[in-house]
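Q: take a look and give me a structure for this.
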Amino acid sequence: MEKIPTGIEGLDLILMGGILRGHAILVEGTPGAGKTTVGIQFIHEGIVRHGEAGLIISFEQFPAQLYRDAVNFGWDLRALEAENKVRVCCTSPEVLRDQLQKPEGLIDEWIQEMGARRILIDSMSHLDTLSADPMERRMLAVSLLNALKQRGLTVLVTKEVASEEGYGCSFEEYVVDAVIRVTNTADRETGRRQRHVEVLKSRGQDHISGRHYFRFGPEGIEVFPLQVVPECQAAAGEGALLPTGVAGLDHLLEGGVRRSSSLLLSGESGTGKTILGLQFLNEGASLGEKGLLFLYQEAPEQVQQVAASFGWDLARLQAEGLITVVYAPFAELSLAEHLWMVRAQLQETGARRVVFDSLTAMLHEVSQQPHMAKERTDQLVRLTKELGAAAVFIAEVPAGSSRISSYGV
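A: A predicted model of the protein is given here:
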């Protein structure tokens, strides 16, 4: 069967291309988790990217409220409605049911007039007003969804859950083809709230399991799947040696660091780890090889001063595009999002050398979860290898410690 993209790139990766055309998808979550935004983005992206007109049926919010919320992401639903590409309607479950039972009701009129292919129903929770009998509500939901699917629509419906403890196997989960859960919960360790999306069910298609981090970006929802890159063949030149620029170290390494490999550079504070990382990048720049430097603690200006004391003009190398410096303060860092940032930077710059300064600061978010620290580091190692870059991970260890890293990585 044909798959259609939801328009949310990371979610489409989780769904391995999108959702099956003509299916019904349930997006469930607590208030404020992002259900309606997922639905509107599904409709909007279908229109602007794929030329598929859509319907938005709300049982709760008036069109003016939806227009206002959509504008925050740059989605001008009013303009699209004026172009006959979307219809936004606030009604009741009773009216929708009655219209679908009519041979030439308003819904059919809109579908024919616009050529609509997608519909958002927000939300199924309001079916409770039609009947107190759970079995009758289930039959109503089946009837409603089948009526929409028979009209050639791909259906996305939302459902509100009162609390995180309120999740369970509701009848809606049984009658739809796919179930997507969105959450907004406080991290037990840090207290920071984090949003996650999880595909619980996807009839007739595979998906990437697990809870995937997402956020509200300037242009809509941005999802960051746990699997950063698909499996692929090793990059060309994988075995090539990249000199570090330190003659004695290159001798010990039998010529340098191998491309698509990773090196852990560990030591106490003040032992020269950052300097060695900078020398590795500077040597690459002198050979015309692009490099990436990720900083999590020291500001770029401080690192430029350190480089200048050794005669390395980091600002000039940045201006020439030979070295890219990315400053991501660890206190503001989301590791799930950061993995995708690293991927994007490697792909955009074509860097063959990358230095992470430092691994200790980068993993601050999971400092009390050693298994997560190892998992995130492993993902970075695989990512840099698959994209053909040699990675140097700088790690700080306490004075007098016999360990080579803080997290056993």
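Q: residues contacting residue 216?
A: Counting by C-beta atoms under 8 Å, 6 or more residues apart in numbering, residue 216 touches 34, 37, 73, 195, 222. Quick note: C-beta positions are derived from backbone N, CA and C, even for glycine.
Q: secondary structure class of the third one, three-state.
A: Think residue 73. Under DSSP: H, G, I helix; E, B strand; the rest coil, the three-state class of residue 73 is coil.
Q: what do you get for the second one?
A: Local secondary structure at residue 37 is given as helix here, using three-state DSSP.
Q: which element follows the lowest-mean-pLDDT helix or strand in the chain toward the C-terminus?
A: For the chain, counting by mean pLDDT, DSSP states H and E, helix 171-175 ranks last in confidence among helices and strands (a mean of 80). Next helix or strand after helix 171-175 toward the C-terminus (DSSP states H and E): strand 178-186.
Q: list of residues touching that following strand?
A: Outside strand 178-186, the residues that reach it (C-beta under 8 Å, 6+ apart) are 11, 19, 23-30, 32-35, 38, 164, 167, 173, 192-203, 205, 211, 214.
Q: and the least confident helix or strand of the chain, what does it pack against?
A: strand 24-29, helix 134-150 (3 or more C-beta pairs under 8 Å, 6 or more residues apart in numbering; DSSP states H and E).
Q: kindly compare burial across the ones you listed and name the winner.
A: The highest mean neighbour count among the helices and strands packed on helix 171-175, using mean count of other C-beta atoms under 10 Å, belongs to strand 24-29: a mean of 26.
Q: now that strand against helix 134-150, angle please.
A: 130 degrees (axes from the mean of the first three to the mean of the last three C-alpha atoms, to 10 degrees).
Q: what does strand 24-29 rub up against?
A: With C-beta under 8 Å, 6+ apart as the test, strand 24-29 has contacts from 19, 35, 38-39, 124, 145, 148-149, 154-161, 167, 170, 172-173, 175-184.
Q: that one pairs with which strands?
A: According to DSSP bridges, strand 24-29 forms sheet pairs with strand 154-160 (parallel), strand 178-186 (parallel).
Q: which parts of the stretch 1-150 of the chain are helices?
A: Taking DSSP state H, counting those that start in this stretch as the test, the helices found in the stretch 1-150 of the chain are 9-14, 35-50, 63-71, 77-82, 93-101, 106-114, 134-150.
Q: include distance to residue 353 when you put the ones you listed into CSV, please.
A: Formatted as CSV, those follow (distance: least, C-beta to C-beta, whole Å):
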stretch, distance to residue 353
helix 9-14, 27
helix 35-50, 36
helix 63-71, 43
helix 77-82, 46
helix 93-101, 59
helix 106-114, 53
helix 134-150, 52
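Q: domain map for the chain?
A: Domain assignment for the chain by automatic domain parsing gives 3-224, 241-396.
Q: what average pLDDT does the last one get?
A: In this model, domain 241-396 has a mean pLDDT of 93.
Q: how far out from the middle of the chain is that domain?
A: 23 Å (C-alpha atoms, centre = their mean, to the nearest Å).
Q: measure that domain end to end?
A: 26 Å (C-alpha to C-alpha, to the nearest Å).
Q: got it, and stretch 57-75?
A: Stretch 57-75 has an end-to-end distance of 17 Å (C-alpha to C-alpha).
Q: mind listing residues that contact it?
A: 36-37, 40-41, 44, 56, 76-78, 88-93, 96, 119-123, 126, 216, 218-220.
Q: quick one, helices of the stretch 251-400 of the chain?
A: Here the stretch 251-400 of the chain has its helices, by DSSP H, counting those that start in this stretch, at 273-286, 300-308, 314-319, 335-349, 359-362, 370-386.
Q: so which elements touch the longest one?
A: Put plainly, it is helix 370-386. Helices and strands touching helix 370-386, by 3+ C-beta pairs under 8 Å, 6+ apart, are strand 262-267, helix 335-349, strand 390-396.
Q: quick one: buried residues of the longest one?
A: Neighbour counts over helix 335-349 (16 or more other C-beta atoms under 10 Å) mark 335, 336, 337, 338, 339, 340, 342, 343, 345, 346, 349 as buried.
Q: from the residues you listed, which is closest to residue 258?
A: Minimum separation from residue 258 among those (C-beta to C-beta) is found for residue 346, which lies at 16.9 Å.
Q: got the contact list for the closest one?
A: Listed by C-beta under 8 Å, 6+ apart, the contact set of residue 346 reads 292, 354, 383, 384, 387, 389.
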